[in-house]
Structures are given as C-alpha cells and as structure tokens.
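Undergrad: Here is my input; please provide its structure:
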Amino acid sequence: MKFILVMAIIFASLSSFAEEKVTIFVTMTPAGSFQAVSKKPKGNLIKENGLFTADKISVSIESFKTGIDLRDEHFWKHMQSSKNPKATLTGLKAQGGKGVAQLEVNGVKKPVTISYVEKGPEVLAKFKLKASDFSLPKAEYLGVGVDNDVNVEVSFPYKTR
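TA: Okay, the predicted model is just below:
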C-alpha cells in the first residue's frame, strides 16, 4: 500500500511540471523526414472561464534543433533567422478545442487555426502551415527537398485567472 501511495505522489508531482516545447515536423522529398524542436518558447498562456488567451508567444528560430548540427544551420538559414530571428504567435483565443491566432514567420503574418487538448497543467496544440505562405524560399540541399506542408505541435503551460 505504501508503494502505491509513494508512486501516486511521484506521478502527481511529475505531471505538475509542464514542458514548453515547439516541434516542427518536416517531410523531405524524395523520402525521409525530420523534426525541429525548440524547448525555449516564451510568453504567457492564460485560462479564464474556459477561454485560453495569449497576447504573444515567441520562439527563437536558432533555438530549434534537428539532431544534426549541419541540418540545424540549413534550417536556420532557410527560415532566414538572420533577418527575422523569431517566430511569433499573437492574439491567441481558444476555447472548446479550437482556436485562432496570427503567426508571424519571416516577417509575414498569417492567421492560423489551432486545435488543442488540455492535459494537466498544459495545452497540447496542433496546426498546419504552408512554408510558401510565409515567403520562405524553396528548401533543397544535394537533391533533397522539403515539402511545402508543415505540421507544428506546441506544448505550453497555462496560468489560471
């Protein structure tokens, strides 16, 4: 019985630590894929009366890691991080598993539709993008290209008012 109680306390304490993370899922052509992950998004997500809002959540482009240093550099260059070092989500409003916001990447702002689930002290959100919508150049290196369609997942803790 003590073991079960101790395990329950450990699990409860671990689940209270929300992890801030942005993951970009990239499919390559003719084959392959990779993920670019940043554990450094900044901002405040607020939940009040069932409504999630955020004025601004941003992430440094050069905080994304793909697992290969050279690919990181190509990713940052493709995202034009020297001119536009951050991706920024503004005006987020979400309720009932769906939301809308403005996303700025490469100096271009576009509306995005977000789906999400609340999991413990954090929100797990997903949305799809087209790289060309953000005036990003076509990505190709040694005959391997990147699909225009990109999936993004974000896990982010929230505060309650």
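Undergrad: give me every residue that touches Pro41.
TA: 20-22, 57-59, 154, 156 (Cβ atoms under 8 Å, 6 or more residues apart in numbering). Using the backbone N, CA and C atoms, a C-beta is placed for each residue, glycine as well.
Undergrad: Quick check: the gap between the spatially closest residue to it that is not a sequence neighbour and Glu20.
TA: Taking Cβ to Cβ, 6 or more residues apart in numbering, and ignoring the residues beside it in sequence, Pro41 has Val59 as its nearest neighbour in space, at 4.4 Å. Applying Cβ to Cβ, to the nearest Å, one obtains 9 Å for the distance of Val59 from Glu20.
Undergrad: re the thing from before, with distance to Ser33, pLDDT and neighbour count as extra columns, can I get the contacts of Pro41 in JSON lines?
TA: Converted to JSON lines, the contacts of Pro41 look like this (distance: Cβ to Cβ, whole Å; pLDDT from 0 to 100; neighbours: other Cβ atoms under 10 Å):
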{"residue": "Glu20", "distance to Ser33": "23", "pLDDT": "93", "neighbour count": "18"}
{"residue": "Lys21", "distance to Ser33": "18", "pLDDT": "96", "neighbour count": "17"}
{"residue": "Val22", "distance to Ser33": "17", "pLDDT": "97", "neighbour count": "22"}
{"residue": "Ile57", "distance to Ser33": "25", "pLDDT": "97", "neighbour count": "21"}
{"residue": "Ser58", "distance to Ser33": "26", "pLDDT": "98", "neighbour count": "15"}
{"residue": "Val59", "distance to Ser33": "21", "pLDDT": "98", "neighbour count": "23"}
{"residue": "Val154", "distance to Ser33": "19", "pLDDT": "97", "neighbour count": "23"}
{"residue": "Phe156", "distance to Ser33": "24", "pLDDT": "96", "neighbour count": "23"}
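Undergrad: Which two among those are spaced furthest apart?
TA: With distance counted by Cβ to Cβ, no two of those lie farther apart than Lys21 and Ser58, which are 14.1 Å apart.
Undergrad: Just give me the residue right at the centre of this protein.
TA: The C-alpha lying nearest the average C-alpha coordinate of the chain belongs to Val22 (Cα atoms, centre = their mean; 2.8 Å).
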